[in-house]
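**Student:** 3D, please:
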Amino acid sequence: MSDQNTTVIDSKGRWPTPDPEMRTEPVRGPGIVAVDAQGRITSWNGVAASLLANTSGLLALGQPFVKLEVEAGRSCFLTFNSHVMADGSLICLCEQSATQASPALASTIPSPVSATSLTAALPAAVPLPPSVPHLVPMMDGALAGIAGSFAFIRNPLPLWIFDRQTLAFVAVNDAALARYGYSRDRFMNMKISDIRPAEDVQRLMDSMKERMTSGESGQWRHLLADGRVIDVLVTSEWFTHDGRALALTAAQDITAHCRLEDSLVEARVEAERANRARSRFFAVANHDLRQPLAALSLFVGALENRLKDPTSRDILRAMNTALATIKNLVDAHLDIARIDAGTLRVEPVGHSVNGLLTRMALEFAGPARQKGLTLHVAPCSAVIRSDRDLLERILRNLLSNAVRYTGNGRILLGCRRQGDQLRIEVWDTGPGIPSDQLDIIFEEFYRGNTSSTSDAAGFGLGLSIVDRLSRLLNHSLMVRSHEGKGSVFAISVPMEVESELPPITSPAPILADNAGLPRVLVIEDDVIVLQALELLLDQWGCEVMATSGYDEAIEELTGQTQAPDLVIADFRLSGPASGIVAIRQIAKMMRVDLPGLIITGDTDPRRLKEARLSGYPLLHKPVSALALRAAVASLLGRDRLRDGVG
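**Tutor:** Modelled structure (predicted):
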């Protein structure tokens, strides 16, 4: 059959199958199979139909290409060379292995990357579109066949062929004309550098020097005829024809995708900025809201021993309850806001659980005693791995609930080992939780059967915070309860080998001679809190040196030969020195090991970590008078503090 016979593409986009007698003739060029981005066959040429005639009908529209590829290798001894286009589709060239094919057939199969083989694979008699014939004199028949083929001219992606030496366009398809807005004549008088912004030309020239790569492949910016710049993903296939270095290029417009990426980057930057702003707000709000609450709590404590008549003491007790309610509400709402905003950072470290238990005992001994409850904290030598501050918040909420809801009896804080986990448990002899409510106690605003007007009534946020924090830490949480007998809440924390924890030595307090009043230096930049601390400490029989900052404290001690027995300092002072630095510098100046106590309204995890590592005891504002007295007594000795006003 003559090569000049007209070839007609059928209604399904397939090249016609040759007559049976043609299959005995040598096959010209490789077969071409087009595959979409989903791996389905979309079209093929006549050579492919001839070569793949024995693939059991797998060469069909919509068939998975991978099945055809496997069957072609098994029954036809064919292999495929696949070329990925910019839109993810494939152009697959098939040829028979030279070792498998007959000598006659093998001698007729040229290299798939030559212009001759590409031309032979295309139907020679496909007529050129009306706008293409003037290209033919510029090219020989093979190159004209490629440029005028249906697959090139009608491809939906912009395609062109350019000379790799001169960078001049040799051919362009209809999609390129439509997308770029240049006429065909103008395109043919341009170079590929002419469709680049000026600042990108040098990069193009550099890439063309890299002969090991396909030159301009990758992401580029192209100039349209109207001056607009678009982002494109370029794929180039290089080939040589009659000694002429050429390249076939496909360009996919990804401008919308790049704009979306830019928008996402801007949104991420804005979200990070907003998160930083929220973090700063929560830090400032925590500190500033706690300052007046701390002063009020200390003033109420100072009044306790001054009021004698029952009516006044009842009023004071009601004030204490209201103050505790405000404190719990502020703590709960700020904690939930920070968890929901994602500003809480988890920093798990290995540390002894005994330090945590001691702080809890110190903080809740006073409130428990005030309600007539017995608080027992069992020591434990285990080393755990968790975020110190977040785990402390969980236990603080559990103990706060236990004290609030237990009318009489006792509360136990203890630990038990279970494999590589340590269960930290809080037991109480409170009213218990009905079995039908155990599934909802961790929901927000759950308050059980407690009346909203009861002294024990909270806002139902404590257990919700416990649940959220335990999930954040990836610690399992468990609850058991017997109505009318009490409850136990337990959180499991991973343990570490105790020897892995570096020992942390705390400054050993050197107590002054018991003869005379204990001298206490207070450094607090909030005037109201400073007045409240001075009033309470004076009431407990201390000689108080009240200062508003580090510099004032140094001036107060300059010229004195006797060091204070204790320094109480706010962690965040108005000057450059923190409370920790102030205590250490004063101890260095006085040449003594000086006991210190840090009081803070800060909840920033980094600041709290710094305070913990200092070795000084830490109390959180608003601190109650009972908790403050217990901390001071542990550092000075209980027998050195007196009760009452004096």
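**Student:** state which strand of the protein is the longest.
**Tutor:** In terms of residue count, the longest strand belonging to the chain (DSSP state E) is strand 229-241.
**Student:** give me the residues contacting stretch 367-376.
**Tutor:** Outside of stretch 367-376, the residues within contact range by Cβ atoms under 8 Å, 6 or more residues apart in numbering are 361, 364-365, 403, 406-414, 624, 626-627. Bear in mind the C-beta positions are built from the backbone N, C-alpha and C, glycine included.
**Student:** so where's the stretch 351-500 of the chain uncertain?
**Tutor:** Filtered on pLDDT under 70, the stretch 351-500 of the chain yields the residue ranges 444-462, 498-500.
**Student:** for it, what spans make up the strands?
**Tutor:** 374-377, 383-386, 410-418, 421-428, 477-482, 486-496 (DSSP state E, counting those that start in this stretch).
**Student:** sort out which residues of the fifth one are buried, please.
**Tutor:** Just to be clear, that refers to strand 477-482. Of the residues in strand 477-482, those buried by neighbour count under the rule 16 or more other Cβ atoms under 10 Å are 477, 479, 481.
**Student:** mind putting the residues you listed into CSV with distance to residue 50?
**Tutor:** Supplementary listing: the buried residues of strand 477-482 in CSV, determined by distance: Cβ to Cβ, whole Å:
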residue, distance to residue 50
477, 71
479, 75
481, 81
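**Student:** what number of residues lie near the nearest residue to residue 90 once chain neighbours are set aside?
**Tutor:** Once flanking residues are discounted, residue 90 sits nearest to residue 35: 4.1 Å by Cβ to Cβ, 6 or more residues apart in numbering. The criterion is other Cβ atoms under 10 Å. On that basis, residue 35 has 26 neighbouring residues.
**Student:** give me every residue that touches residue 35.
**Tutor:** By Cβ under 8 Å, 6+ apart, the contact set of residue 35 is 41-42, 65, 82, 89-92.
**Student:** got JSON lines for these, with secondary structure and neighbour count too?
**Tutor:** Supplementary listing: the contacts of residue 35 in JSON lines, determined by DSSP: H, G, I helix; E, B strand; the rest coil; neighbours: other Cβ atoms under 10 Å:
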{"residue": "41", "secondary structure": "strand", "neighbour count": "23"}
{"residue": "42", "secondary structure": "strand", "neighbour count": "17"}
{"residue": "65", "secondary structure": "helix", "neighbour count": "23"}
{"residue": "82", "secondary structure": "strand", "neighbour count": "13"}
{"residue": "89", "secondary structure": "coil", "neighbour count": "20"}
{"residue": "90", "secondary structure": "strand", "neighbour count": "18"}
{"residue": "91", "secondary structure": "strand", "neighbour count": "16"}
{"residue": "92", "secondary structure": "strand", "neighbour count": "22"}
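**Student:** just give me the closest of the residues you listed to residue 523.
**Tutor:** For the contacts of residue 35, the residue nearest residue 523 by Cβ to Cβ is residue 89; the value is 73.1 Å.
**Student:** quick check on the closest one: phi, psi?
**Tutor:** The phi and psi torsions at residue 89 (degrees, to the nearest 10) take the values phi -80, psi 170.
**Student:** doesn't residue 33 make contact with it?
**Tutor:** No - between residue 89 and residue 33 there is no contact under Cβ atoms under 8 Å: 11.1 Å.
**Student:** identify the contacts common to these two.
**Tutor:** Between them, residue 89 and residue 33 share no contacting residue, judged by Cβ under 8 Å, 6+ apart.
**Student:** what sits against the residue lying closest to residue 200 once chain neighbours are set aside?
**Tutor:** Setting aside the residues directly before and after it, residue 200 is nearest to residue 221 in space (Cβ to Cβ, 6+ apart), at 5.7 Å. The neighbours of residue 221, taking Cβ under 8 Å, 6+ apart as the test, are 196-197, 200, 229-232.
**Student:** can we see that at 7 Å?
**Tutor:** Taking Cβ atoms under 7 Å, 6 or more residues apart in numbering as the criterion, residue 221 is in contact with 196-197, 200, 229, 231.
**Student:** by neighbours, which of those residues wins?
**Tutor:** Tallying neighbours with other Cβ under 10 Å puts residue 196 at the head of the contacts of residue 221, with 20 neighbours.
**Student:** check the gap between it and residue 223 for me.
**Tutor:** Using Cβ to Cβ, to the nearest Å, one obtains 7 Å as the distance from residue 196 to residue 223.
**Student:** my guess is residue 357 contacts residue 412, does it?
**Tutor:** No - using Cβ atoms under 7 Å, residue 357 and residue 412 do not qualify as a contacting pair, with a distance of 11.3 Å.
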